[in-house]
Structure formats: C-alpha cells, structure tokens
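Peer 1: What shape does this take:
(one chain, ligands or ions: 1)
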Amino acid sequence: MKKRTFVKATSFLVAGTALAPIVQSCKTEKKEDQTMSSSDSPSGSFVLPPLEFEFDALAPNIDAMTMQIHHGKHHAGYVRKLNAALEGSHLSGLGLGEMMSQLKADDTAIRNNGGGHFNHSLFWSIMSPNGGGAPSGDLADAINSSFGSFDTFKKEFAKAAATRFGSGWAWLCRGDNDKLFITSTPNQDNPLMANVVSEAGLPLMGIDVWEHAYYLNYQNRRGDYVNNFFNVVDWNAVGVRLKM
Ligand code: MN3
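Peer 2: Have a look, this model is predicted:
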C-alpha cells in the first residue's frame, strides 16, 4: 500500500469540525499535521471524536439510543482501552493509520481497540442526515468501472455485510492499483491491517455489523439495517477518501 495512505487514512479524526471541508482544505502536509495533532497526537493519548450530528439525526435509519450508546459507550471504551494498551507498547507513538498498518496479529489489545477506534471514527464520518442517493463524479466512475454499476456494488456490499458471520465489518476499499474492492473483516479488524487481513487497502466506507450497531431497532434483521444504511451514507465524504 502507498505510504500516503497511512498519513491521510485518519484525516477524519478531527475534533469538532465537519469532515469534508476540513479534508478538502487540508491539501498541504503542514495543515494535515496540525489536524492530526488536534485529536490524535502521535505522542499523546487518543480521544473520542465528537459526532458531527445529533444522536437522533439518522433516525429512523439508525435510532437515537443506538447512536448514543454506540458512540458514548462502545467507541469511548475502545479509545480508553487503546490508550491503556499503548503504555509500554512498541506501537506507542505512532499515528493511528500507521499503527494499523504495522500491528501484528498477536498485538491483540491494540488490534481490537485501535481497530475499534479507527473503524468507528470512519463510520461516523461517512454518515450524514443529508446522506443517501448515489455517488457522483470520480467515485461514481470508480464504482462503475470496478463493479459494473452502482446497483451491483450495493448488492455486493450488502451481501458482504449480511454474510459476515458473527461480529465485524464490511468495507469498500481502494486497492494498490486504484481499483475498488469489497471485503469484510471479523471483530475490529480492518483492511489497513496489512499483517492481519488477506486483502489490504484503504477503507473508503465501512458498515458496522456487530449486533450493538442495530439490535435495539432491528433485532435480528441485519439485512434491513444494511439496506437502510444506504439512506445515510455521505457519498461526498466517501468520495473525499477516494482522493487520499
Ligand atoms: Mn460498533
């Protein structure tokens, strides 16, 4: 994977600001360093990034209580445990993206909790109350050339999410050859973990299919949750990641 992937993979970890304008306005390396240090200092402890919308803003697609618990309890827990796991670790001091790319399968606590922090930060950043519809521009072109059509992409992505056994994530990624691919990972693994996953790439969007992500509202109907997720995907935010 390209080096630039790791520098920019965590550009969504910016406290208190909307994703797309910040990423678009941070074309220089200097500004990127500043935005990285505002929340995830390589030498400091990681922090829970605030949501850019209210807990009820994604309803009825994702309900307010699920969002509140998911962000305030689950994600916060990953951040807290990541900081604890990094004390004395050989991975301490790295930015989150680089940490993901360097960790080994037996770095269990950082794999689980660093992955949890990365995955949820990305998840919040690619959803919006103004989301839904279809991608446009370069992202639409990339999806069409990689999957044939947007509808085919949606079917394949939904299938990956529906068939991930147990807890995990489904992903749309950009591979080394700039071609897009769909994959899924167990637990809190993600495609940046090149030493862990079978197919590494830059995650452009992901869906959390742990039961805590949908069970209050959908119970066992994971497929309905996945279909409704498309109503809140912020394709502009996904498209920004394509250019990283
Ligand atoms: Mn989750």
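
Peer 1: Now the closest residue in space to Lys81 that isn't next to it in sequence, what are its backbone angles?
Peer 2: Nearest residue to Lys81 in three dimensions, chain neighbours excluded: Asn113, at 4.2 Å (Cβ to Cβ, 6 or more residues apart in numbering). (Glycine included, C-beta is placed from N, CA and C.) Asn113 adopts backbone torsions of phi -90, psi -30, taken as degrees, to the nearest 10.

Peer 1: mind listing what Asn113 touches?
Peer 2: Each residue near Asn113 by Cβ atoms under 8 Å, 6 or more residues apart in numbering is listed here: Tyr78, Val79, Lys81, Leu82, Ala85, Gln188.

Peer 1: Got a quick PyMOL command for the buried subset of these?
Peer 2: Burial among these is assessed by 16 or more other Cβ atoms under 10 Å; the matching PyMOL selection reads:
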select buried, resi 78+79+81+82+85+188
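
Peer 1: can I get the contacts of Asn113 in a markdown table with secondary structure, pLDDT and distance to Tyr225?
Peer 2: Output for the contacts of Asn113, formatted as a markdown table (DSSP: H, G, I helix; E, B strand; the rest coil; pLDDT from 0 to 100; distance: Cβ to Cβ, whole Å):
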| residue | secondary structure | pLDDT | distance to Tyr225 |
| --- | --- | --- | --- |
| Tyr78 | helix | 97 | 21 |
| Val79 | helix | 97 | 24 |
| Lys81 | helix | 96 | 26 |
| Leu82 | helix | 97 | 26 |
| Ala85 | helix | 96 | 30 |
| Gln188 | coil | 98 | 18 |
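
Peer 1: Just put the contacts of Asn113 in TSV and tack on distance to Thr108.
Peer 2: Shown next, in TSV, are the contacts of Asn113 (distance: Cβ to Cβ, whole Å):
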residue	distance to Thr108
Tyr78	13
Val79	17
Lys81	11
Leu82	12
Ala85	9
Gln188	11
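
Peer 1: I am finished for the moment; much appreciated.
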